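**Student:** the sequence and its predicted three-dimensional model are supplied below.
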Amino acid sequence: GDSVTQMEGPVTLSEEAFLTINCTYTATGYPSLFWYVQYPGEGLQLLLKATKADDKGSNKGFEATYRKETTSFHLEKGSVQVSDSAVYFCALSSGGGADGLTFGKGTHLIIQP
Amino acid sequence: DAGITQSPRYKITETGRQVTLMCHQTWSHSYMFWYRQDLGHGLRLIYYSAAADITDKGEVPDGYVVSRSKTENFPLTLESATRSQTSVYFCASSGARKGEKLFFGSGTQLSVL
């Protein structure tokens, strides 16, 4: 079945550092890939997505590129801020809405001033 | 207000009691989902629904019951709560097209004593 593997953390960085959170997946066919972010006490919200190979999703300074050859969708940001502290989830969808999303276990990111 | 709302926000109950978590969305989305979030497991799908009166099991359905008599509501019932069901529960909704994002509620934190 489908699965998503991501580093769990916590990942602790200083403000303005470069961020990479690795995500790899296993799926049949051509899944859509997502990064969701969860701030403390809140539900998940979509950060970015990519629906086909070589697509780059971007939002709020975050980027991730859909790499089919390495089955990866790593999240990057050039300069993190304290406000980026949150839990980040990589996810995939193999089909339509019926499949929902398969999530990784989440990466807790802590940014220190 | 538009969006997806869950109630209650917090719930404490005792082993063996029946508990119902409510979920309401105003977008007329076809699909609705229930996930539970636990440390070390990320989010796991409990049940989902493709439309009114259509529901199906997810990854961890045992001990839960759902119904969907109206498109906008998708309640989740724990028929006889157990301590292992202590978790944070998230409801989500989406459209039916491939690659559509999920919209999440703010969650219900359930403690079973």
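**Tutor:** Cool, got the structure. Residues are numbered from 1 along each chain as shown, chains lettered A, B, ... in the order given.

**Student:** list the contacts of the closest residue to B:Ala51 other than its chain neighbours.
**Tutor:** Distance criterion Cβ to Cβ, 6 or more residues apart in numbering or on different chains; nearest residue to B:Ala51, sequence neighbours excluded, is B:Ser30 at 5.6 Å. C-betas here are computed from N, CA, C, even on glycine. By Cβ atoms under 8 Å, 6 or more residues apart in numbering or on different chains, B:Ser30 lies in contact with A:97, B:50-51, B:71, B:94-96.

**Student:** residue numbers of chain B in contact with chain A?
**Tutor:** Contact residues, chain B versus chain A (Cβ under 8 Å from any Cβ of the partner chain): B:30-31, B:33, B:35, B:40-45, B:48, B:50, B:56, B:58, B:90, B:92, B:94-102, B:104-107.

**Student:** ok, back up a step: ok, so of the contacts of B:Ser30, who is nearest B:Met22?
**Tutor:** When these are compared for distance to B:Met22 (Cβ to Cβ), B:Thr71 comes out closest, at 14.7 Å.

**Student:** residue contacts, the residue most central in space within chain B?
**Tutor:** By Cα atoms, centre = their mean, the mean C-alpha position of chain B lies nearest to B:Trp34, the distance being 2.9 Å. By Cβ under 8 Å, 6+ apart, the contact list for B:Trp34 reads B:21, B:23, B:45-48, B:58, B:64, B:66, B:74, B:76, B:89-92.

**Student:** repeat for B:Asp38
**Tutor:** The neighbourhood of B:Asp38, defined by Cβ under 8 Å, 6+ apart, consists of B:44, B:87-88.

**Student:** could you redo the last one with a cut-off of 7 Å?
**Tutor:** Shown in contact with B:Asp38 (Cβ atoms under 7 Å, 6 or more residues apart in numbering or on different chains): B:Ser87.

**Student:** okay, and the beta partners of it?
**Tutor:** Taking DSSP bridges as the rule, B:Asp38 bridges to B:Gly42.

**Student:** least confident secondary structure element in chain A?
**Tutor:** The weakest-scoring helix or strand in chain A, judged by mean pLDDT, DSSP states H and E, is strand A:102-103 (a mean of 89).

**Student:** counting contacts, what elements does that one pack onto?
**Tutor:** In this structure, strand A:102-103 makes packing contacts with strand A:3-6, strand A:86-93, judged by 3 or more Cβ pairs under 7 Å, 6 or more residues apart in numbering or on different chains; DSSP states H and E.

**Student:** who's in contact with that strand?
**Tutor:** A:2-4, A:89, A:91-92, B:42-43.

**Student:** any chance of JSON lines for these, columns neighbour count and distance to A:Glu76?
**Tutor:** Output for the contacts of strand A:102-103, formatted as JSON lines (neighbours: other Cβ atoms under 10 Å in any protein chain shown; distance: Cβ to Cβ, whole Å):
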{"residue": "A:Asp2", "neighbour count": "17", "distance to A:Glu76": "23"}
{"residue": "A:Ser3", "neighbour count": "12", "distance to A:Glu76": "22"}
{"residue": "A:Val4", "neighbour count": "23", "distance to A:Glu76": "17"}
{"residue": "A:Phe89", "neighbour count": "25", "distance to A:Glu76": "16"}
{"residue": "A:Ala91", "neighbour count": "28", "distance to A:Glu76": "17"}
{"residue": "A:Leu92", "neighbour count": "23", "distance to A:Glu76": "18"}
{"residue": "B:Gly42", "neighbour count": "22", "distance to A:Glu76": "21"}
{"residue": "B:Leu43", "neighbour count": "27", "distance to A:Glu76": "23"}
